[in-house]
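Can you look at this prediction? I've put the sequence above it.
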Amino acid sequence: MGPTLLAFALAVLAWLMVVGDLVRRQRPVWHWYVVGYPVTACRVLFTWRRVATLNDLSVSKLPARTLVGHLMVKGDPVRPVAPRSSFPRATRLGLTVTVRLHAGQTPATYMKAAEALVHAWRVHAVRVTSPERGVVLLTAMASDPLEQPGLASAPAELLSALIGALESGGAWVMNLRLVPHWLITGATRSGKSTLLARLITQLATQPVALVGIDCKGGMELGLFAGRLTALATCRREAVAVLSALVVDMQDRMSACRAAGVRSIWELPEKLRPIPVVVIVDEIAELYLADGTRESKAEAEQCSTLLLRLGQLGAALGLHLVVAGQRVGSDLGPGVTALRAQLGGRICHRVNDPGTAEMTLGDLNKDAVAVAQSITAEEQGVAVCTGPDGGWSRARSHLTSTQEAVATARKYSGMTPELPAVDRALAALEGDAK
């Protein structure tokens, strides 16, 4: 090869490397389908048998014995048989492999081997799910889709909030019509407050009454007071607000009974009461008592009232979003009873395993382990449940406090009134004077 030809070949190679790197950064999906997927699929096919053997996914079997005349031929070595796997199917920035389990195998074996598959296939992560008995689905992701999540589009619906992006690349949506009540946990600087700000920003533009309960003096939810129908900043105010909402709930029941329907959504639009979303920031402040009789009575009242709203509010347009840094049974039996009513769960990074277990343990043990692996650098990353009962890693869209406050002020004119709540707070102020 002459010097000119060699120089030309090197120039073309350098150009291809530059263009390839540019495509990888600007159009990662194109780069994955053209380069990443074929390479990774070959790696999966060529390493599957060895990886299965090394990680106890194979089953040892003896070959069939043959009879030659009157002699039995034996002495053949035991050979490992890897599970049957499908050809890797490409997905957006990843691939999936369907595996048929051997008799007696469980998906737990594959979950333990997930880290080994990550290294063998040189991907970011491998998730193991079991869509049906006897089958596991291995989902490999080439890169972390939550590192720089784009905000996917979602249809605008009443009581539906576009929160961020799922690990699958889809939109992370909290739909209170499908899942009426939610529990959100997370340590300080884990992204919990940012998620609440995003939720308020999304609901502020809708004909919905927002009621805040922030017993830390209103430091968090007080920023959005312009769009809140009511804000309770101490436990005494919380009791008054929740009691008024229970009274309002009974009025809604009477309206539904008189109309012969089972839900406010079956009422004619002109007769339908406005939906209410109650946002509780730091649930522990409602349940922890200081030992005095009055404090204990208030804590018990809050527990009972929240439980009633959780049990009966879904069909009546009353929804709960309960958040806290730590949620455990040590707060009292009422917390466990309330958790059973909060079908939607979101768990950010937490400081103690008990909170992750309390948030996700009754739904899926694997989700608990994934939630506990969230690092301090992954602010906004959480494990969330979906309306189908499954779970996924997700990341909320970064909504600054300034943006959320500006949105709340912009739509303050849409703040509806709740007469029962207004009367309760006015009476409380009158008693204080």
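Nice, I can see it.

only C-alpha atoms for contact and neighbour calcs from this point on.
Will do.

Where do the domain boundaries of the chain fall?
80-143, 160-432 (automatic domain parsing).

Report the rounded mean pLDDT for the last one.
Mean pLDDT, domain 160-432: 90.

start the count at 13, not 1, going forward
Sure, I'll start numbering at 13, so the last one becomes domain 172-444.

And that domain, how far out from the chain middle?
15 Å (CA atoms, centre = their mean, to the nearest Å).

what do you get for stretch 168-186?
For stretch 168-186 - counting by CA atoms, centre = their mean - the centre lies 10 Å from the chain centre.

first vs last residue of that stretch, how far apart are they?
One end of stretch 168-186 sits 11 Å from the other (CA to CA, to the nearest Å).

and what of stretch 114-128?
19 Å.

Could you measure from the spatially closest residue to Asp364 that is not a sequence neighbour over to Pro365?
Leaving out its chain neighbours, the residue that sits closest to Asp364 by CA to CA, 6 or more residues apart in numbering is Arg338, at 7.9 Å. Look at Arg338 and Pro365: by CA to CA, they are 10 Å apart.

now swap in Cys268 and tell me
Counting by CA to CA, the gap from Cys268 to Pro365 is 43 Å.

quick one on the thing from earlier: Arg338 and Pro365: who's more crowded?
Arg338 (22 against 15; other CA atoms under 10 Å).

list the contacts for the more buried one?
197-199, 296, 362-364, 367 (CA atoms under 8 Å, 6 or more residues apart in numbering).

Likewise for Thr397?
So Thr397 contacts 356-358, 403-404 (CA under 8 Å, 6+ apart).

can you check Ile225 too?
233, 243-246, 250, 290-293.

Could you list the buried residues of the strand or helix carrying Ala256?
Using DSSP states H and E, Ala256 maps to helix 247-271. Buried residues in helix 247-271, counted by 16 or more other CA atoms under 10 Å: 247-258, 260-261, 264-265, 267-268.

Which SSE is immediately downstream of it?
strand 288-293.

Direction included, what does that next one pair up with?
strand 221-226 (parallel), strand 330-336 (parallel) (DSSP bridges).

what's the closest of those strands to Pro100?
strand 330-336 (40.2 Å; CA to CA).

who touches that closest one?
188, 192-198, 204, 261, 287-296, 321-322, 325, 354.

Go again with 7 Å.
For strand 330-336, the external contacting residues (CA atoms under 7 Å, 6 or more residues apart in numbering) are 192-198, 287-296, 321-322, 325.

got the CA positions of the helix or strand following it in PDB?
Next along the chain after strand 330-336, taking DSSP H and E as the criterion, comes helix 345-353. C-alpha atoms of helix 345-353 as PDB (Å, rounded to 0.1, in the frame of the first residue of the first chain):
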ATOM      1  CA  PRO A 345     -51.000   1.600  63.300                       C
ATOM      2  CA  GLY A 346     -52.900   4.300  61.400                       C
ATOM      3  CA  VAL A 347     -50.000   4.700  58.900                       C
ATOM      4  CA  THR A 348     -50.100   1.000  57.900                       C
ATOM      5  CA  ALA A 349     -53.900   1.300  57.400                       C
ATOM      6  CA  LEU A 350     -53.500   4.400  55.300                       C
ATOM      7  CA  ARG A 351     -50.800   2.900  53.200                       C
ATOM      8  CA  ALA A 352     -53.200   0.100  52.200                       C
ATOM      9  CA  GLN A 353     -55.400   2.800  50.600                       C
END
